[in-house]
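just coords:
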Ligand SMILES: [Zn+2]
């Protein structure tokens, strides 16, 4: 039942170091595997590397097909969350899974997506069924804020539907919506003073930050809105009243109005706490990415569903909480959904990949290619 080729591709890619902005080795390996399929491909690398401060661009490829059939896009990303680069994968055939040796992440996010795309193309090649153009956008710097897909050259792509193979859980899930995310940097300026000699002359920026945070709701603000302040920096010594604190936080919501209401509240509470203490607070919000919602009756969901049903699976649409390249594809008119590839415990040392789900995922890619050429 296992497909040795997709598993060995997966293992080889996991063993190849990859980091955000340093995806060179894995990009080269992926491209050589892609070319090794012997398809009549157009393949290139864009200039995203320079734009994101890295050494590798997005890999963009096209397998030309029947001109009457609909072109479709598949995507996965090359980089991984922070890791020491020497990932050791352990295949547990009996347990139907691949895990790391427990010291690092596994990197199934997103080697599973890369391997599934290769496998799907291989199956489509061997299946000999008619297909339209199959385009690939293999991105860099995804884990540091979807930076590669942000600067992808969308003018080169013909597809109006896309499938991003980068989601946890068993194959069959279609991620058809995800929230807007904003990040904030808050800077609080108080006044430094000697804490023992003249504490009354100081204004403690740490206290101002604490005051503001303690008055703000945080975490799950509603079923569709979350927030977190995750980084705080400031202070020099215990005997100096702290004059400068920087905080970084984020908020995500499926509703623009709820998100903006929270952004407003953060500004209000930081302003109030600063005013009370005689400090100043400045907030700099940045829009990381916009929400998307690909409706159930849209083509991308229909094609994914048809492909998954072709494998006897029951497709289900789910909401994604995190960032994914599909956000930028959707913002550029390529109606895109995420597809689960069968990994779990992502971004942790416990990360694992189901082998049977990996095989299913490669088959799903081929089925979607087939489905897109059925009228
Ligand atoms: Zn990912």
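Thanks, I have the structure now. Just so it is clear, the model here is predicted, and its values are computed rather than measured. Residues are numbered from 1 along each chain as shown.

ranges for the helices of the stretch 201-350 of the chain?
205-215, 256-277, 299-309, 326-331 (DSSP state H, counting those that start in this stretch).

which helices and strands sit right next to the last one?
Meaning helix 326-331. strand 72-77, helix 147-150, strand 161-165, strand 173-178, strand 280-289, strand 292-293, strand 335-339 (3 or more CB pairs under 8 Å, 6 or more residues apart in numbering; DSSP states H and E). Quick note: C-beta positions are derived from backbone N, CA and C, even for glycine.

distance to the ion and mean neighbour count for the helices of the stretch 201-350 of the chain - can I get that in JSON lines?
Listed next are these as JSON lines, based on distance: least, CB to the ion, whole Å; neighbours: other CB atoms under 10 Å:
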{"stretch": "helix 205-215", "distance to the ion": "30", "mean neighbour count": "19"}
{"stretch": "helix 256-277", "distance to the ion": "23", "mean neighbour count": "17"}
{"stretch": "helix 299-309", "distance to the ion": "18", "mean neighbour count": "20"}
{"stretch": "helix 326-331", "distance to the ion": "11", "mean neighbour count": "25"}
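
show me the contacts for residue 73.
135-137, 157, 159, 161-163, 329, 334, 336 (CB atoms under 8 Å, 6 or more residues apart in numbering).

mind doing that once more with 6 Å?
135, 159, 162, 334 (CB atoms under 6 Å, 6 or more residues apart in numbering).

now residue 124
131, 366, 369.

how far off centre is stretch 355-365?
20 Å (CA atoms, centre = their mean, to the nearest Å).

picking that back up, and the contacts of residue 124, which of them are in strands?
Using DSSP state E, no member of these sits in strands.

for those, which single residue is the most surrounded?
Each of those was scored for neighbours by other CB atoms under 10 Å, and residue 369 scores highest at 28 neighbours.

quick one: that residue and residue 131 touch, right?
Yes. Using CB atoms under 6 Å, residue 369 is in contact with residue 131, at 5.0 Å.

quick revisit: who wins for proximity to residue 109 among the helices of the stretch 201-350 of the chain?
helix 326-331 (14.6 Å; CB to CB).

quick one: contacts of that closest one?
146, 149-150, 162, 164, 289-290, 292, 336, 338.

on that earlier part again, relative to residue 141, which of the helices and strands packed on helix 326-331 is closest?
Closest among these, using CB to CB: helix 147-150, at 3.8 Å.

residues from the stretch 151-300 of the chain in reach of the ion?
residue 166 (CB under 5 Å from the ion).

I appreciate the help and will end here.
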